[in-house]
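# Please work out how this folds:
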Amino acid sequence: MALWSKSRRRDAISVLALTAILGLSACGGSGDGGATATASPGGTGAAGAQLVNPGKLTTCTNIPYEPFQFKDASGKVVGFDVDIVDLAAKKLGVTQDIVDIDFAVIKSGAAMAAKKCDVAAAGMTITEERKQNIDFSVPYFDATQALLAKKGTGAKSLEDVKAKGLKLGAQASTTGLEYVKKNGFDPTEYADSPKELLALQSGQADVIVQDLPVVLTWLKKPEIAAKFELLTSLDTGEQYGIGLKKNADPVLLKTINDVITQAKADGTYDQIFMKWFGKKPGELG
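Predicted structure coming up:
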């Protein structure tokens, strides 16, 4: 996911407005932000992290974004991002609590500024523009974009999409949208990934751009694989990071960075990756 190009002045106004009016509900959480707590040591040596809710590491995300975060059959929020943040929660000796909100509110930094959550894990690409509003952890996922189309278009690339006059769709506020715009397209924008996929299925769009892992997850479903195909992946050189409020609590930031680094070193990261993607890191496409 990513963001629209906006002026700093409009971003600042947007953040202030969103912070003032935020009244967001939690998915499986207490939803009672504003209190400050000190994480219990839990034998981890991570005592002192300042959290918005006692005993919880509250995470803002945007559901569904399978396989990074989505609800399983029981209604529980699961996914790759959830498992990564769970590592930090365990290190802090607390449990993770998930808040489902609009992605634009996450990327602007407004949600964390309003103390609705401690961190944001939403398949969020690290960009220089976003760094103006939020802090990021070390990268935890190497991302790329992909084109999904109805079968029979004959297209194999973005150039073909343009040459054939195919209708292109993209998710609003994402790096996929930004990428195709930089390549001369003016795609129809959809509020979230389910609406984007529905546009493709209903014929409103001939081709859509979306993160490759999301496209591959969609194609695991027989009803989608029967009618749609992956045209190509787009190597955009993106990396996801866990977001924190600007000038983040150094203990919390260090804890998240440490668990990501350790998980990559001891094999835990590879296990989580295989669980959700069925392949090892670097083998997605």
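# what's the distance between the nearest residue to residue 166 once chain neighbours are set aside and residue 148?
Among residues not flanking residue 166 along the chain, residue 206 sits closest, at 4.0 Å (C-beta to C-beta, 6 or more residues apart in numbering). For the C-beta atoms, the positions are set from N, CA and C on the backbone; glycine is no exception. Using C-beta to C-beta, to the nearest Å, residue 206 is found at 10 Å from residue 148.
# Have a look at those two and say which one is more surrounded.
residue 148 (25 against 19; other C-beta atoms under 10 Å).
# For the more buried one, give me its contacts.
200, 207, 208, 209, 210, 215, 218, 219, 228, 229, 230, 231 (C-beta atoms under 8 Å, 6 or more residues apart in numbering).
# got the phi/psi numbers for it?
phi -110, psi 130 (degrees, to the nearest 10).
# May I have the beta-bridge partners of it?
residue 208, residue 230 (DSSP bridges).
# Dump stretch 48-68 to PDB, restricted to CA.
C-alpha atoms of stretch 48-68 as PDB (Å, rounded to 0.1, in the frame of the first residue of the first chain):
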ATOM      1  CA  GLY A  48       9.500   0.900  29.800                       C
ATOM      2  CA  ALA A  49       7.700   0.900  26.500                       C
ATOM      3  CA  GLN A  50       4.900   3.400  26.600                       C
ATOM      4  CA  LEU A  51       1.600   1.900  25.300                       C
ATOM      5  CA  VAL A  52      -1.800   3.600  24.800                       C
ATOM      6  CA  ASN A  53      -3.700   0.700  26.500                       C
ATOM      7  CA  PRO A  54      -2.400  -1.200  29.600                       C
ATOM      8  CA  GLY A  55      -1.200  -4.700  28.900                       C
ATOM      9  CA  LYS A  56      -1.700  -4.400  25.100                       C
ATOM     10  CA  LEU A  57       0.200  -3.500  22.000                       C
ATOM     11  CA  THR A  58      -2.500  -1.800  20.000                       C
ATOM     12  CA  THR A  59      -2.100  -2.200  16.200                       C
ATOM     13  CA  CYS A  60      -3.900  -0.100  13.500                       C
ATOM     14  CA  THR A  61      -4.500  -2.000  10.300                       C
ATOM     15  CA  ASN A  62      -6.900  -2.000   7.300                       C
ATOM     16  CA  ILE A  63      -8.900  -5.200   6.800                       C
ATOM     17  CA  PRO A  64      -9.100  -7.100   4.600                       C
ATOM     18  CA  TYR A  65      -5.700  -7.200   3.000                       C
ATOM     19  CA  GLU A  66      -5.100 -10.900   2.700                       C
ATOM     20  CA  PRO A  67      -2.600 -12.500   3.400                       C
ATOM     21  CA  PHE A  68      -1.200  -9.600   5.500                       C
END
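# Please point out which parts of it sit buried.
49, 51-53, 56-68 (16 or more other C-beta atoms under 10 Å).
# Go through these and flag which are in strands.
Applying DSSP state E to these, the entries found in strands are 51, 56, 57, 58, 59, 60, 61.
# And those residues, which two are furthest apart?
51 and 61 (16.7 Å; C-beta to C-beta).
# ok, which stretches of the stretch 51-200 of the chain are strands?
56-61, 70-71, 77-78, 95-100, 119-120, 134-136, 141-150, 168-171, 188-190 (DSSP state E, counting those that start in this stretch).
# Can you tell me what sits against the first one?
Contacting residues not belonging to strand 56-61 are listed as 26, 29-30, 33, 39, 51-52, 69, 77, 81-82, 85, 88-89, 92, 94-101, 105-106, 111-112, 116-122, 243 [C-beta under 8 Å, 6+ apart].
# Just the buried ones from those, in ChimeraX syntax?
Of the contacts of strand 56-61, the buried ones go into a single ChimeraX selection, burial set by 16+ other C-beta under 10 Å:
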select :26,29,33,39,51,52,69,77,81,82,85,88,89,92,94,96,97,98,99,100,101,105,106,111,112,116,117,118,119,120,121,122,243
